[in-house]
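Asks: Got a predicted structure here, sequence first:
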Amino acid sequence: MRLATFNLLHGRSPDDGLVDPERLTAAVGAIDADILALQEVDRDQSRSGGLDQTAIAARALRAAEHRFAAALVGTPGGVFRRLRADDDGFGQPCYGVGLVSRYPVVSWQVFRLRSSPVRSPMVVPGMGRRLVLLDDEPRVVLAAVVQTPVGRLTVAATHLSFVPGWNVLQLRQVLRALRSLPGPRLLMGDLNLPAGAVRLVTRWRPLGGARTFPAVVPRVQLDHMLADPDAMAMLPPVRDVHTPLSVVSDHRPLVIDLG
């Protein structure tokens, strides 16, 4: 069984800055995961040609199950609106996370996380690496109860805030939310936290440690795959951990082979 998490950067190539569906298909197909968590995913965004990127990923993996969960409607980093609990932004430009599975999904669940109330300094690529103050964006957790070859497993995908401290608060909120779902549980995604902080906050077991950002010469692990104690007892042993350089994104995917 192969698990993977990948921050897509909305499918943008670091080489030419373009979003191409064939390139995105090739990037996801090369990962060849049975369960894939995606972050920074577009749906109906003009900057990415109006694509449903989660659906493209599902086709690339020949996966029967997939779902997109919008974190916001509008333009990330620009004008956007938050989503209500009963609103998925269908038919409007959205940005969020996705989850793709080759295995049957028994149920889906979405949890929403508030954005930080304060602006935070961040180095923005393409602006001469100037430090700018950015408004934080709302975040979302997409969870699925999946019927895997080793039994039912709750798998959650998320992308946490870049605001220091606020992402720790969000991570604790995610853990509380996941406790309401059936165990065993896996959490996959870009947590915007280094491995040491993630272990300290969650006390869940990382399935693999490897640097994932930035893509060309990775310096830090921001992308994680964590298992609660029940999942560690259920899952086959980790056979391989790799972070291949992709043709899209400024992150590398974290890919874990089990069994």
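Replies: Perfect, I can see it now. Numbers count the residues shown, from 1 in each chain.

Asks: which stretches of the stretch 1-150 of the chain form strands?
Replies: Using DSSP state E, counting those that start in this stretch, the strands of the stretch 1-150 of the chain run over 2-7, 35-43, 65-74, 80-81, 94-101, 105-113, 120-123, 131-134, 139-148.

Asks: I'd like to know which of those strands is closest to residue 194.
Replies: Closest approach to residue 194 among the strands of the stretch 1-150 of the chain is made by strand 2-7 (15.1 Å; Cβ to Cβ). The C-beta positions use only the backbone N, C-alpha and C, and glycine is treated the same way.

Asks: The closest one pairs with which strands, parallel or anti?
Replies: strand 35-43 (parallel), strand 254-258 (antiparallel) (DSSP bridges).

Asks: In contact with residue 222, which residues?
Replies: 7, 190, 191, 192, 193, 194, 212, 213, 251 (Cβ atoms under 8 Å, 6 or more residues apart in numbering).

Asks: The fifth one touches residue 166, doesn't it?
Replies: To tie it back to what came earlier, the one meant is residue 193. No: taking contacts as Cβ atoms under 8 Å, residue 193 lies outside contact range of residue 166: 10.8 Å.

Asks: So which of these two has more stuff around it?
Replies: Between residue 193 and residue 166, counting by other Cβ atoms under 10 Å, residue 193 is the more crowded of the two (24 against 21).

Asks: Secondary structure class of the nearest residue to the more buried one once chain neighbours are set aside, three-state.
Replies: Nearest non-adjacent residue to residue 193, counting by Cβ to Cβ, 6 or more residues apart in numbering: residue 167, 5.6 Å away. Three-state assignment for residue 167 (DSSP: H, G, I helix; E, B strand; the rest coil): helix.

Asks: give me the number of residues near residue 167?
Replies: Around residue 167 there are 23 residues (other Cβ under 10 Å).

Asks: weakest of the strands of the stretch 1-150 of the chain in terms of mean pLDDT?
Replies: Sorting those by mean pLDDT places strand 120-123 lowest, at a mean of 70.

Asks: If you rank the contacts of residue 222 by neighbours, which is first?
Replies: In the contacts of residue 222, the most neighbours by other Cβ under 10 Å go to residue 191, 28 neighbours.

Asks: dump the residue contacts of it.
Replies: With Cβ under 8 Å, 6+ apart, residue 191 has these contacts: 158, 160, 167, 171, 198, 222, 223, 224.

Asks: can you confirm the first one is in a strand?
Replies: Pointing back at residue 158 there. Yes: using three-state DSSP, the secondary structure at residue 158 is a strand.

Asks: My read is that it contacts residue 138, right?
Replies: No: in this structure, residue 158 is not within contact of residue 138 by Cβ under 8 Å, at 11.8 Å.

Asks: Let me know the secondary structure of residue 155.
Replies: Going by three-state DSSP: residue 155 is strand.

Asks: Kindly apply the preceding question to residue 217 instead.
Replies: At residue 217 the chain is in coil, as set by three-state DSSP.

Asks: Distance check, it against residue 12.
Replies: Applying Cβ to Cβ, to the nearest Å, the value for residue 217 to residue 12 is 19 Å.

Asks: just residue 65 next, same as before
Replies: On the measure of Cβ to Cβ, residue 65 and residue 12 end up 26 Å apart.

Asks: and those two? which has more neighbours close in?
Replies: residue 12 (21 against 18).

Asks: ok, what's across the strand from the more buried one?
Replies: Beta-bridge partners, per DSSP bridges, of residue 12: residue 19.

Asks: For it, list the residues it contacts.
Replies: Residue 12 is in contact with 18, 19, 48, 248, 249, counting by Cβ under 8 Å, 6+ apart.
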